[in-house]
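Student: structure, please.
(one chain, ligands or ions: 1)
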Amino acid sequence: MKKISLTGLKPTGSLTLGNYIGAIKQMVEMQDNYINYLFVADMHAITVPINREELHNNIKNFLALYLACGIDPKKNIIYLQSDIEYIPCISWLLECNTYYGELSRMIQFKEKSKKNANFSVGLLTYPVLMATDILVVDADYVPVGIDQKQHVELTRNIASRFNKKYGETFKIPEPLITEVGTKIMDLVDPSKKMSKTEENNKGVICLLDDLKLVRKKIMSATTDSDMKVVYDQEKKPGISNLINIYASLTNKNISEVEEMFKNSNYAQFKSAVADVVCSFLEKIQLRYNELINSDEIDKILREGALVVRKMASDKFDTMKLKIGLYR
Ligand code: LTN
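Tutor: Here you go, the predicted model:
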């Protein structure tokens, strides 16, 4: 019996080459191993102010890009969170079984609420909405970055508490820490991660960037004065990052790449990296354009919503019955 895995995408910023190499590539490779649920967490995107156009466009953009990168709609149940009207209902029932203290201790909440004194209550209760996402589909595994691990642990606590209080209702999920993909760094400042919400985007390659611009960004990536294409994370973070990019997109290992470029200067190496990145992006963008101009995404989301709405509605009914919310 295949286990159930759930992935949530928050539709903010623009998807980058770092997102592909660090996460999407693995998802594509793993899609036969699980029953996969994949959803756009649009209701999570509004905990902090977000522009309406950005939010709306990103919902479709993100999905089209995931599909263009190789996510197969036959192997994933794909849906939009806000299409499932029972999710906020369930979330309320769970909120009433979650302590204020638990939520105020969440690291992400503490960090984000520090940045703006006027934060919304949604920023505080958001981990309960995330718990709902997970518990509704009976996920066994939740692949997340290390920053989301605490939220999955909270989900486990909320679920066990509910089970204890009202009887067996939820499956207890496990976080699957996905630091297996190579972490791609910013091209200008290779000490920080390539971020999809970075303002100065000279160091960031977005999957939908114009290819000429991509080449320019790679050719002007920060390197060092040593002149050798050798991997050294500490002393040569810029070159090591470019080696990682090249290795990931060509499925080679680090030493093979070093060997290939042992007689090349930085300009030649960068040019080869740009070739590989541009030919990869060209393929993705071609498929993206087909998808975005068709009604395929709408169809996929409609079908996904039918499946998950039924699961959520059943879960909501079960919970109401156990809690005593019925005539
Ligand atoms: N919180 C996640 C997005 C997210 C999610 C989820 C991930 C919302 N609900 C459920 C996994 C399972 C984020 O900020 N990336």
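
Student: going forward, measure contacts between C-alpha atoms and count neighbours the same way
Tutor: OK.

Student: pretty sure Asp32 sits against Pro73.
Tutor: No - applying Cα atoms under 8 Å as the test, Asp32 and Pro73 come out as separate, 11.9 Å apart.

Student: neighbour count for those two, which is higher?
Tutor: Set side by side, Asp32 and Pro73 show unequal neighbour counts under other Cα atoms under 10 Å, the larger going to Pro73 at 16 against 13.

Student: which residues touch that one?
Tutor: Residues in contact with Pro73, defined by Cα atoms under 8 Å, 6 or more residues apart in numbering, are Leu67, Ile300.

Student: can you show me the CA trace of stretch 291-304 as PDB?
Tutor: Once side chains and other backbone atoms are set aside, the C-alpha atoms of stretch 291-304 remain, and they are given as PDB (Å, rounded to 0.1, in the frame of the first residue of the first chain):
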ATOM      1  CA  LEU A 291      -0.300  25.400 -20.300                       C
ATOM      2  CA  ILE A 292      -1.000  28.900 -19.400                       C
ATOM      3  CA  ASN A 293      -2.900  29.500 -22.600                       C
ATOM      4  CA  SER A 294      -5.000  26.400 -22.300                       C
ATOM      5  CA  ASP A 295      -7.800  25.400 -19.900                       C
ATOM      6  CA  GLU A 296      -5.800  22.400 -18.600                       C
ATOM      7  CA  ILE A 297      -5.000  23.900 -15.200                       C
ATOM      8  CA  ASP A 298      -8.700  24.800 -14.600                       C
ATOM      9  CA  LYS A 299      -9.700  21.300 -15.500                       C
ATOM     10  CA  ILE A 300      -7.100  19.800 -13.200                       C
ATOM     11  CA  LEU A 301      -8.100  22.000 -10.300                       C
ATOM     12  CA  ARG A 302     -11.800  21.300 -10.800                       C
ATOM     13  CA  GLU A 303     -11.200  17.500 -10.700                       C
ATOM     14  CA  GLY A 304      -8.900  17.800  -7.600                       C
END
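
Student: list the contacts of that stretch.
Tutor: When contacts are taken as Cα under 8 Å, 6+ apart, the neighbours of stretch 291-304 outside the stretch itself are Lys60, Asn61, Leu63, Ala64, Ala68, Pro73, Ile77, Ile78, Tyr79, Leu80.
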